[in-house]
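Enquirer: Predicted model and sequence follow; I will ask about them next.
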Amino acid sequence: MAGVKALVALSFSGAVGLTFLMLGCALEDYGVYWPLFVLIFHAISPIPHFIAKRATYDSDATSSACRELAYFFTTGIVVSAFGFPVILARVSVIKWGACGLVLAGNAVIFLTIQGFFLVFGRGDDFSWEQW
């Protein structure tokens with residue numbers, strides 16, 4: 001039952017993050033949909049973790065080169081997702097208010113992704129087939 005509550009909470013926080021992102025695009029004062037490209041960063045951010053988890057079989061090691069490289073790539077993806085709206089606002093493609101909403105949405109969505117891995121990715125008996 002705790003897993004269901006966590007899943008509902010993560011779904012709600014993801015919806016809040018996407019709402020911030022959509023408000024940054026669709027409000028009448030902003031009306032530019034370029035910030036939606038951060039959804040690409042949200043989609044590819046867990047991929048390095050999945051590859052590293054699949055490639056490293058020894059769970060006893062505290063650190064491995066593959067896992068550290070995955071952390072490095074994931075950090076680069078997350079920083080790019082936060083930098084993209086700032087660059088768009090700096091070159092006046094979007095307004096700074098839209099940039100703020102997109103940054104708030106980024107923070108909520110990435111915390112949701114991290115929460116998913118903390119809640120559902122810890123146990124050794126976890127399998128993606130249970131979904």
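Expert: That came through, no problem.

Enquirer: name the element residue 11 belongs to?
Expert: helix 2-26 (DSSP states H and E).

Enquirer: The helix or strand just after that helix - what's its average pLDDT?
Expert: Sequence-wise, the next helix or strand downstream of helix 2-26 (DSSP H and E) is helix 38-44. Averaged across helix 38-44, the pLDDT comes to 95.

Enquirer: Could you check how many residues crowd around the residue lying closest to residue 24 once chain neighbours are set aside?
Expert: Closest residue to residue 24 apart from its sequence neighbours, by C-beta to C-beta, 6 or more residues apart in numbering: residue 101 at 3.3 Å. The C-beta positions use only the backbone N, C-alpha and C, and glycine is treated the same way. Residue 101 has 23 neighbours, counted by other C-beta atoms under 10 Å.

Enquirer: just residue 36 next, same as before
Expert: Residue 36 has 14 neighbouring residues, counting by other C-beta under 10 Å.

Enquirer: Nearest residue to it in space, please, no chain neighbours.
Expert: Distance criterion C-beta to C-beta, 6+ apart; nearest residue to residue 36, sequence neighbours excluded, is residue 25 at 5.8 Å.

Enquirer: Thanks again, I'm all set now.
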